[in-house]
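In: Model the following, please.
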Amino acid sequence: GLFSCFIKSVFFDRMPMARSALATKIIRLEGRSRGADPLALQAALAEVLRALAKAGAGPAHLSSMIWSGPDPSALHPNRRVVDRIRREILAGFCPPPKVQWEAGDHVTVEAIAEVPTSP
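Out: Numbering: from 1, shown residues only. Okay, the predicted model is just below:
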């Protein structure tokens with residue numbers, strides 16, 4: 001299907017919850033794919049992964065995700081096929097996603113990544 005990705009970056013200097021006092025770069029990502037099934041989720045997650053790589057980050061930097069689609073039950077993370085897809089695409093690094101309804105014939109994945117900046 002058709003999919004697109006938008007990357008929006010916002011930079012904040014803040015203290016992360018980790019032990020070090022490094023500043024972090026907050027990256028807002030969005031992946032979208034036509035369809036309302038787990039395969040559409042797979043394409044949208046792949047777009048988010050590509051955008052993460054382009055920004056110099058990886059799945060371990062994800063801090064939150066929202067998955068939206070016309071049939072939220074098809075995207076529920078407890079479904080075996082959905083769990084397999086997210087583990088394959090994100091290598092097991094996936095914050096618990098919030099799943100919600102969205103009008104249309106597409107699946108949208110919104111993600112936030114927190115990437116430490118070099119001192």
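In: Can you report how many residues lie near Leu49?
Out: 22 (other C-beta atoms under 10 Å). (Glycine included, C-beta is placed from N, CA and C.)
In: correct me, but it touches Arg86?
Out: No: using C-beta atoms under 8 Å, Leu49 is not in contact with Arg86; the gap is 10.6 Å.
In: Pull out the buried positions in the lengthiest helix in the chain.
Out: Counting by DSSP state H, the longest helix found in the chain is helix 38-54. For helix 38-54, burial by neighbour count (16 or more other C-beta atoms under 10 Å) applies to 38, 40-49, 51-52.
In: again with stretch 25-36
Out: Lys25, Ile27, Leu29, Glu30, Gly31, Arg32, Ser33, Gly35, Ala36.
In: ok but Arg87 is inside a helix, no?
Out: Yes: applying DSSP: H, G, I helix; E, B strand; the rest coil, one finds Arg87 inside a helix.
In: Just the pLDDT at it, thanks.
Out: Here, the pLDDT recorded for Arg87 equals 93.
In: tell me which helix or strand of this structure sits lowest on mean pLDDT?
Out: strand 3-11 (a mean of 35; mean pLDDT, DSSP states H and E).
In: As a check, name the ranges of all strands in the chain.
Out: 3-11, 24-34, 62-69, 98-101, 106-116 (DSSP state E).
In: Indicate which one of these is closest to Ala91.
Out: Of all these, strand 62-69 sits nearest to Ala91, with 10.8 Å by C-beta to C-beta.
In: Gly104 and Ser33: what is the separation?
Out: Gly104 is 11 Å from Ser33, where distance means C-beta to C-beta, to the nearest Å.
In: Since that was my last question, I'll sign off now.
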